[in-house]
Every structure is written in structure tokens, then in C-alpha cells.
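> I would like to see how this sequence folds:
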Amino acid sequence: QVQLVESGGGLAQTGGSLRLSCAASGRTFSSYDMGWFRQAPGKEREFVAGIARSGASTLYAESVKGRFSISRDNAKNTVFLQMNSLKPEDTAVYYCAAYWGVGTAVAVHQSSYPYWGQGTQVTVSS
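Numbering: from 1, shown residues only. Got it, this is the predicted structure:
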């Protein structure tokens, strides 16, 4: 089992940057594939980015491709989401999620992720 705690959210201007971090507990972090999801007010939670347990494979939603970058440091049990060129439509609560990795493809459906953090608010002003 793994516990997740996000940090790094806040207020940014359009075109600005933020870096989210997700710290995981446990000694088997490198066995978990990790994902970032977000939920805007009145909308369903959606996949943003995912990274395989080795870090070799990543996947992005089309809406953030080229602007966001996911990475991980298995030695520090942490996954990151670097968000550049932020837009007002990126405003949402961002969640870190994890699942025990199997296969090579990173999951995009939230139902595949049994472990979730509490979320961190990101607000982008226009």
C-alpha cells in the first residue's frame, strides 16, 4: 500500500509555471506506475499525465502535451508535474494517483488507480 501527498499548487498567471510534487510513503515506490489527474469545478476528473514505474515511459493528455512534463525520482519516492505555459483552463484540483505496475502501458482511466492523494489546488488567472 502507498500513501500520497501532493504539494506545489497555488496561483499562477497565464503563461506562468508551477511544479507539483507528490511524495509517496512505503519502500516499493519503484513498483508503482504513477499518474496525475485533475478536476475542474463542475467537471469530471480527467487524466493529465502518467509515468511508468521505471520512468522510461510517459503519457500525456492532448490538452497538456508540450506544456506539461511528468517525471519521477524513485530514490526520493517522489513524482513531479512541471506545468509551463499555463492557461486559465488548467485551473483545477490536481491529484496524484498510483497503482501497482503491470505490463508496459501507463493507465489513463482513474479506475485503474486505487491510491490517491488529497489533491492540490491550481488556479491560473487570466
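
> Ramachandran angles for the spatially closest residue to Gly119 that is not a sequence neighbour?
Spatially, and ignoring its direct neighbours in sequence, Gly119 is nearest to Val93 (4.3 Å; Cβ to Cβ, 6 or more residues apart in numbering). To be clear about C-beta, it is placed using only N, CA and C from the backbone, and glycine gets the same treatment. With angles defined as degrees, to the nearest 10, Val93 sits at phi -90, psi 130.

> mind listing the strands for this protein?
Secondary structure of the chain (DSSP state E): strands at 4-7, 10-13, 18-24, 32-39, 46-51, 58-60, 68-73, 78-83, 92-100, 115-116, 120-125.

> can I get the ones you listed in JSON lines with mean neighbour count and mean pLDDT?
Formatted as JSON lines, those follow (neighbours: other Cβ atoms under 10 Å; pLDDT from 0 to 100):
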{"stretch": "strand 4-7", "mean neighbour count": "18", "mean pLDDT": "97"}
{"stretch": "strand 10-13", "mean neighbour count": "13", "mean pLDDT": "98"}
{"stretch": "strand 18-24", "mean neighbour count": "20", "mean pLDDT": "98"}
{"stretch": "strand 32-39", "mean neighbour count": "25", "mean pLDDT": "98"}
{"stretch": "strand 46-51", "mean neighbour count": "22", "mean pLDDT": "98"}
{"stretch": "strand 58-60", "mean neighbour count": "17", "mean pLDDT": "97"}
{"stretch": "strand 68-73", "mean neighbour count": "18", "mean pLDDT": "98"}
{"stretch": "strand 78-83", "mean neighbour count": "23", "mean pLDDT": "98"}
{"stretch": "strand 92-100", "mean neighbour count": "22", "mean pLDDT": "97"}
{"stretch": "strand 115-116", "mean neighbour count": "17", "mean pLDDT": "98"}
{"stretch": "strand 120-125", "mean neighbour count": "17", "mean pLDDT": "98"}
